[in-house]
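**Student:** Okay, predicted coordinates and the sequence, questions at the end:
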Amino acid sequence: MVGKPVGIDCKILPKECSSKGYTGGDDDDRISELPDDVLVVILSLLSVKEAASTSILCSRWINLWKHTNSLDFDGDAALYKTARLKKELQFYERRKYVRWVNSIIQSHKSHTIQKLRIQFFLRKEEADTLTKWFEYAFSRQVPSLEIDLSPPNFICFGTPDVNYVFPQEFTNSATCFDLKHLKALSLKFITVTREAIEFFLNNCPFLEKFIVHHTERMSKLEICGSSLALKHLELCYCFGLDSVRISAPNLTSLTVRVYSELILENVPMLDELRVGCGYADFPAKKLLPAYSAYISQLKSLTLFLNNLKGSTYLCKFPEMPKLKKLVIAYCSKGEDSLLPLTSLIRASTRLQEFVLELDWYELSRSDREIETSVRFPHEYLKVVKFFGYYGRSSDYEFVRYFIDNCVVLERLIIDPHCVPYAPHDPITPTKLAKEITAMDCAKRQLESQVPAHIELVIIP
């Protein structure tokens, strides 16, 4: 594959640079033999910090990174540091990140950008700056825009009142920005109104990927249209959202969490679904009617469950003949048995991969006897992953189900670590002690029980 050439104004490049490539230097330095346009394409694959660091290599590289068509302001390392700081020190880290982004934008030379990504814990105090960054992205006709203002740890979750609010003036029909180039939009921890979502759907005819995480100020939402190009949609933790109606003929992937009513209409291409309630008092059985008409066409299904008590509805789950991957994220309490989940596995007649993500929010160990599971041969299931294995009786008997029933099982992956609420949640001494105990339990319970033809992987 030949990359698209990137035009560079040679007048602002060092004299050592040439559109034909650098011919001097070590014969083994093949990178320097490449033309500038190709080098810029390569640098565009890096984050901004990584690309800018190449300017120290030699004078030829000083300005190359300023012509990249991708600006990825990855703040992951700084977020990791911020998660461990006091609030007043977090403020200075936010200021530092803002100055860094502004300096890069001011020095960048490319007139068009293919991707712009902002990733840092910014709040409504930085509203003016964030609005300018949106204006910059829209003026550069960015096809892919990601603004992720997620907090560094769980402590900062659940406070949407401090979130940046997407400006109302952008939704004005008289806006001067042409958004026809926008194909992917991701907004996380930004307050987005129903009007703002309708604005993007109406003004971005080629929008294929739309992600909204952690927002409020919406009660009802309709994403409908026979001409929608939308293929990937995520609506997660939209607090206060009671009703969602979706009709999108090109939609292939849907993620929806926190709602009271979900209506799916005209989604013939849908084959990947991630759905859940988000609240412990919301019965998961209400989810089934929403997508029962399309469940037979799914190839991948993820369910977020909070309560298996009275779980007879799982036994009535319709058959999923095309399902290849099933993921269940479950918030377990005490010593709740996990065996009711096997009803979903039996309904997936051609399942090849199963994943369980177990939340450690309220777990306890007991010495109850191991339950005998139903015998049911699974002839296609090859990979089983158990994240959050704690060593309870319910954990072991669940794994035992796969050992006894999977005819062609190849890999059993056990991760005895707590699934974090946020990527940068610090590991407390209590949590570390629990993980060490869980690791010991996993080795003691499983290493002697797993047959030799099954590869057992216990993640350290």
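**Tutor:** Received it, and whenever you're ready, just let me know what you need.
**Student:** for the residue nearest to Asp76 when sequence neighbours are not counted, what are its contacts?
**Tutor:** Of all residues not flanking Asp76 in the chain, Gln119 sits nearest, at 6.8 Å (C-beta to C-beta, 6 or more residues apart in numbering). Quick note: C-beta positions are derived from backbone N, CA and C, even for glycine. The neighbours of Gln119, taking C-beta atoms under 8 Å, 6 or more residues apart in numbering as the test, are 73-76, 79, 146, 148, 150.
**Student:** of the residues you listed, closest to Glu410?
**Tutor:** Here the nearest of those to Glu410, counting by C-beta to C-beta, is Asp76; it sits at 33.1 Å.
**Student:** ok, the closest one - how many residues close by?
**Tutor:** 13 (other C-beta atoms under 10 Å).
**Student:** Pairing partners for the host helix or strand of Leu116, with directions?
**Tutor:** Per DSSP states H and E: Leu116 is located in strand 115-119. Within its sheet, strand 115-119 is paired with strand 70-74 (parallel), strand 144-148 (parallel), according to DSSP bridges.
**Student:** quick revisit: quickly note the distance from the residue nearest to Asp76 to Phe134.
**Tutor:** Per C-beta to C-beta, to the nearest Å, Gln119 is found 15 Å from Phe134.
**Student:** Just list the residues touching Glu369, thanks.
**Tutor:** Contacts of Glu369 by C-beta under 8 Å, 6+ apart are Ser393.
**Student:** need the helices for the stretch 1-150 of the chain, in chain order.
**Tutor:** For the stretch 1-150 of the chain, the helices defined by DSSP state H, counting those that start in this stretch occupy 36-43, 48-52, 76-82, 87-107, 127-139.
**Student:** Lowest average pLDDT across these?
**Tutor:** Ranked by mean pLDDT, the helices of the stretch 1-150 of the chain bottom out at helix 76-82, with a mean of 70.
**Student:** Show me where the stretch 151-300 of the chain dips below the pLDDT cut-off.
**Tutor:** The stretch 151-300 of the chain contains residues with pLDDT under 70 at 153-161, 173-175, 258-259, 277-290.
**Student:** correct me, but Phe166 touches Phe189?
**Tutor:** No: Phe166 is beyond contact range of Phe189, at 11.4 Å (criterion: C-beta atoms under 8 Å).
**Student:** Return the distance of the residue nearest to Asp76 relative to Leu273.
**Tutor:** Applying C-beta to C-beta to Gln119 and Leu273 gives a distance of 27 Å.
**Student:** repeat for Ile113
**Tutor:** According to C-beta to C-beta, Ile113 and Leu273 sit 32 Å apart.
**Student:** what does Lys325 give?
**Tutor:** From Lys325 across to Leu273, the span is 11 Å (C-beta to C-beta).
**Student:** How about Ile147?
**Tutor:** Applying C-beta to C-beta, the value for Ile147 to Leu273 is 25 Å.
**Student:** So between the two, which is more surrounded?
**Tutor:** For Ile147 versus Leu273, neighbours defined as other C-beta under 10 Å are more numerous around Leu273 (25 against 22).
**Student:** Spell out which helix or strand contains that one, please.
**Tutor:** Short version, using DSSP H and E: Leu273 is in strand 272-276.
**Student:** just checking, what packs against that strand?
**Tutor:** Under the contact criterion of 3 or more C-beta pairs under 8 Å, 6 or more residues apart in numbering; DSSP states H and E, strand 272-276 touches strand 253-257, helix 288-291, strand 300-305.
**Student:** Tell me the buried residues in the strand holding Leu116?
**Tutor:** Buried residues in strand 115-119, counted by 16 or more other C-beta atoms under 10 Å: 115-119.
**Student:** one step back: between the strands paired with strand 115-119, which gets the lowest average pLDDT?
**Tutor:** Among these, strand 70-74 scores lowest, with a mean of 89.
**Student:** in the stretch 301-450 of the chain, which spans are helices?
**Tutor:** Under DSSP H, counting those that start in this stretch, the stretch 301-450 of the chain gives helices at 312-315, 342-347, 393-405, 429-446.
**Student:** Tell me the gap between the last one and the middle of its chain.
**Tutor:** Read it as helix 429-446. In terms of C-alpha atoms, centre = their mean, to the nearest Å, the centre of helix 429-446 is found 27 Å from the chain centre.
**Student:** quick thing: my sequence starts at 14, can you match it?
**Tutor:** Taking 14 as the first residue, the last one we looked at is helix 442-459.
**Student:** next helix or strand past that helix?
**Tutor:** Sequence-wise, the next helix or strand downstream of helix 442-459 (DSSP H and E) is strand 468-471.
**Student:** pLDDT on that next one, on average?
**Tutor:** 97.
**Student:** Please work out which residues outside that strand touch it.
**Tutor:** Identification of contacts with strand 468-471 by C-beta under 8 Å, 6+ apart yields 423-429, 452, 455-456, 459-460, 463.
**Student:** Which among the residues you listed count as buried?
**Tutor:** Of these, these count as buried by 16+ other C-beta under 10 Å: 425-429, 452, 455, 459, 463.
**Student:** In contact with the closest residue to Lys137 other than its chain neighbours, which residues?
**Tutor:** Leaving aside its chain neighbours, Lys137 sits nearest to Tyr177 (5.1 Å; criterion: C-beta to C-beta, 6+ apart). Tyr177 makes contact with 135-137, 139-140, 143, 162, 202-204, according to C-beta under 8 Å, 6+ apart.
**Student:** can you rerun that using 7 Å?
**Tutor:** 135-137, 139-140, 143, 162, 203-204 (C-beta atoms under 7 Å, 6 or more residues apart in numbering).
**Student:** Same question for Lys128.
**Tutor:** Contacts of Lys128 (C-beta under 7 Å, 6+ apart): 83, 85, 155, 157.
**Student:** do you know how far the third one is from Lys196?
**Tutor:** Think Val155. Val155 sits 9 Å away from Lys196, going by C-beta to C-beta.
**Student:** Residues touching stretch 237-254, excluding its own?
**Tutor:** By C-beta under 7 Å, 6+ apart, the surrounding residues in contact with stretch 237-254 are 173, 214, 218-229, 231-232, 234, 236, 257-272, 291.
**Student:** Show me which residues of that stretch are buried.
**Tutor:** Buried positions in stretch 237-254, judged by neighbour count with 16+ other C-beta under 10 Å: 241-251, 254.
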